[in-house]
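A.B. asks: Here is a sequence with its predicted model. Questions after.
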2 protein chains.
Amino acid sequence: MTLKEISRNKAFNGHLIKYEHESKELGCTMKFNVFLPENASHGKVPGLYFLSGLTCNEDNFVQKSGALKEAAKHGIALIAPDTSPRGVKVEGDEDSWDFGTGAGFYVDATEEKWKKHYRMYSYIVKELPAIIYQSLPIDENRVSIFGHSMGGHGAITIFLKNPSRYKSVSAFSPIANPINCPWGHKAFGGYLGNTNKDQWKQYDACELLKSFDGKTLDILVDVGTSDSFLEEQLKLDQLRDAAASVDRHSQVNVRYQEGYDHSYYFISTFVPDHIEHHAKYLK
Amino acid sequence: MTLKEISRNKAFNGHLIKYEHESKELGCTMKFNVFLPENASHGKVPGLYFLSGLTCNEDNFVQKSGALKEAAKHGIALIAPDTSPRGVKVEGDEDSWDFGTGAGFYVDATEEKWKKHYRMYSYIVKELPAIIYQSLPIDENRVSIFGHSMGGHGAITIFLKNPSRYKSVSAFSPIANPINCPWGHKAFGGYLGNTNKDQWKQYDACELLKSFDGKTLDILVDVGTSDSFLEEQLKLDQLRDAAASVDRHSQVNVRYQEGYDHSYYFISTFVPDHIEHHAKYLK
């Protein structure tokens, strides 16, 4: 579990560092970025994971979201992992942009062909955090999670399945009901198989929300009304309906942002609100 | 002089728009990005040009600098042009990353081979602004200019050669004395020729500063002390020395930022200061 430093850039008085490491869960070499704010040089700081969307790697978020400035302001570390195993050469993993490389969907595959390497759920929830808390000044008792699109799906499902591990959750344009949309059908059919679709539900935010009996929820979700994926792929109304079934003290705040799309320009506009949301719970 | 809209993204209540147009100066099709803040829908707004560095195109700055947020805050439009002619197929234009494509150096070439297309000075100072002020709600009497590295060189020299056109200037890590550094020798030798090196001086910030007799100067320059190009290529001490020769009311404020490098992470850290600097003069 050795971390190899690939690059380091000073930013906002802290440092953005890219690390490489061997992953046992994924059976390959993985990279991730960490932003450590200035106060991390004096002791452990809270940590905030960001899970990226389809086709992204560990760089998109830290380069394009404007989040480093906000994280520095609040003294919170950011952790930006990759979105799939890399270089594992499973046949067909490069055939499409929404399945395989760059599209791990944060599940543990059960289908024979994919189950050796495509274990992004266990990588994000267990292996990567263990490495991070062992090596970096991030307080494992104060961590939260958010993400975008496929990564918004990842963030919400991982939070709902592990409410004791994360203080808070939020998402930009999440794929909120993957068992009922084309992206989800393709990914879950491929990684989990089509013979027992019931097991898809363990990775569906709406299904997990309906049966959630953990702590009081306060989920912040932003989505653009001009997001071309809104209707067919994201299914935010279903998330709101599912939220209504949870106890009355819980809140799933889905904000429809007029005229915004699915891009990082949209994310950068609202990332200050999201980091402030998490800061409430992390500090 | 028709602008073709290529893409449009809502950001910070304004819009980032990519345009394409035919350039007579460069003899090719060019793209640029404009960020129009919300108030541009009610009338003309001030404009701020950003000239990018080697290998960049019109996208790097608007995607990575965090400047849109600051421009929106001050109600200023951003204009991000490309760094060279594109697709013109001059022999050798793709041979190196610091000459030819992506490396126009904001000069008008005089060497036979390059002089037909490599006219980035006239493109940035004359042709592009004429198109913009004719088509977009940007007030040509309230514009400023800044840039990074090769674009910092471009911004300072263009300002010093045209003090009546721009209200203010600033730069990140500019190539401040190109007639005395390897990047400048290669570019000016290539575009302007090696027979009469005296004509190089018209594009050298230090030389222009020494003979500047325009209005009182207030130039803001940030550079990182860990910038690997600082000593050999940027020559910021020479800029400070040249500034000392200008009248005592003028100021060339070169800030050496401890530990920062040449990257967009550095730019994003200090871009709020730069846009605030320009806002003083634009509003």
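C.D. replies: Right, received. Where do you want to start?
A.B. asks: interface residues of the stretch 51-200 of chain A facing chain B?
C.D. replies: Within the stretch 51-200 of chain A, the residues that sit near chain B (Cβ under 8 Å from any Cβ of the partner chain) are A:63-64, A:66, A:68-69. C-beta here means a position set from N, CA and C on the backbone, and glycine is covered the same way.
A.B. asks: Let me see the ranges of the strands in chain A.
C.D. replies: Here chain A has its strands, by DSSP state E, at A:4-11, A:14-23, A:28-36, A:45-51, A:77-81, A:138-148, A:169-172, A:218-224, A:251-257.
A.B. asks: what about the first one, near chain B?
C.D. replies: Yes - using Cβ under 8 Å from any Cβ, a contact is recorded between strand A:4-11 and chain B, made by A:9-11.
A.B. asks: Cross-check the contact I'm expecting between A:W97 and A:G53.
C.D. replies: No - when contacts are counted by Cβ atoms under 8 Å, A:W97 is not listed as touching A:G53 (10.8 Å).
A.B. asks: So these two - more neighbours on which side?
C.D. replies: Shown here are A:W97 and A:G53; by other Cβ atoms under 10 Å in any protein chain shown, A:G53 has more neighbours (26 against 11).
A.B. asks: Next up, the contacts around that one.
C.D. replies: The contact partners of A:G53, by Cβ atoms under 8 Å, 6 or more residues apart in numbering or on different chains, come to A:83, A:147-152, A:173.
A.B. asks: cutoff 7 Å now
C.D. replies: A:G53 makes contact with A:148-151, according to Cβ atoms under 7 Å, 6 or more residues apart in numbering or on different chains.
A.B. asks: helices or strands up against the lowest-mean-pLDDT helix or strand in chain A?
C.D. replies: In chain A, the helix or strand scored least confidently by mean pLDDT, DSSP states H and E is helix A:236-244, which has a mean of 91. In terms of contacts (3 or more Cβ pairs under 7 Å, 6 or more residues apart in numbering or on different chains; DSSP states H and E), helix A:236-244 is packed against helix A:205-210, strand A:218-224, strand A:251-257.
A.B. asks: Name the residues that touch the second one?
C.D. replies: When contacts are taken as Cβ under 7 Å, 6+ apart, the neighbours of strand A:218-224 outside the stretch itself are A:156, A:168-174, A:230, A:234, A:236, A:239, A:251-257, A:259-262, A:266, A:270, A:274, A:277.
A.B. asks: at 6 Å instead, please
C.D. replies: With Cβ atoms under 6 Å, 6 or more residues apart in numbering or on different chains as the test, strand A:218-224 has contacts from A:169-173, A:236, A:251-255, A:257, A:260-261, A:266, A:270, A:277.
A.B. asks: Can you tell me which of these are buried?
C.D. replies: Neighbour-count burial (16 or more other Cβ atoms under 10 Å in any protein chain shown) is assigned, among those, to A:169-173, A:236, A:252, A:254, A:257, A:260-261, A:266, A:270, A:277.
A.B. asks: what's the longest helix in chain A?
C.D. replies: helix A:264-282 (DSSP state H).
A.B. asks: how big is the angle separating that one from strand A:218-224?
C.D. replies: Comparing the axes of helix A:264-282 and strand A:218-224 via axes from the mean of the first three to the mean of the last three Cα atoms, to 10 degrees yields an angle of 170 degrees.
A.B. asks: what is the rounded mean pLDDT of helix A:264-282?
C.D. replies: Averaged over helix A:264-282, pLDDT sits at 98.
A.B. asks: Show me what it is packed against.
C.D. replies: Contacts defined by 3 or more Cβ pairs under 6 Å, 6 or more residues apart in numbering or on different chains; DSSP states H and E place helix A:264-282 against helix A:67-74, strand A:138-148, strand A:169-172, strand A:218-224, strand B:4-11.
A.B. asks: May I see the ones you listed organised as JSON lines, with distance to B:I179 added?
C.D. replies: As requested, the helices and strands packed on helix A:264-282 are exported to JSON lines (distance: least, Cβ to Cβ, whole Å):
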{"stretch": "helix A:67-74", "distance to B:I179": "36"}
{"stretch": "strand A:138-148", "distance to B:I179": "47"}
{"stretch": "strand A:169-172", "distance to B:I179": "48"}
{"stretch": "strand A:218-224", "distance to B:I179": "49"}
{"stretch": "strand B:4-11", "distance to B:I179": "37"}
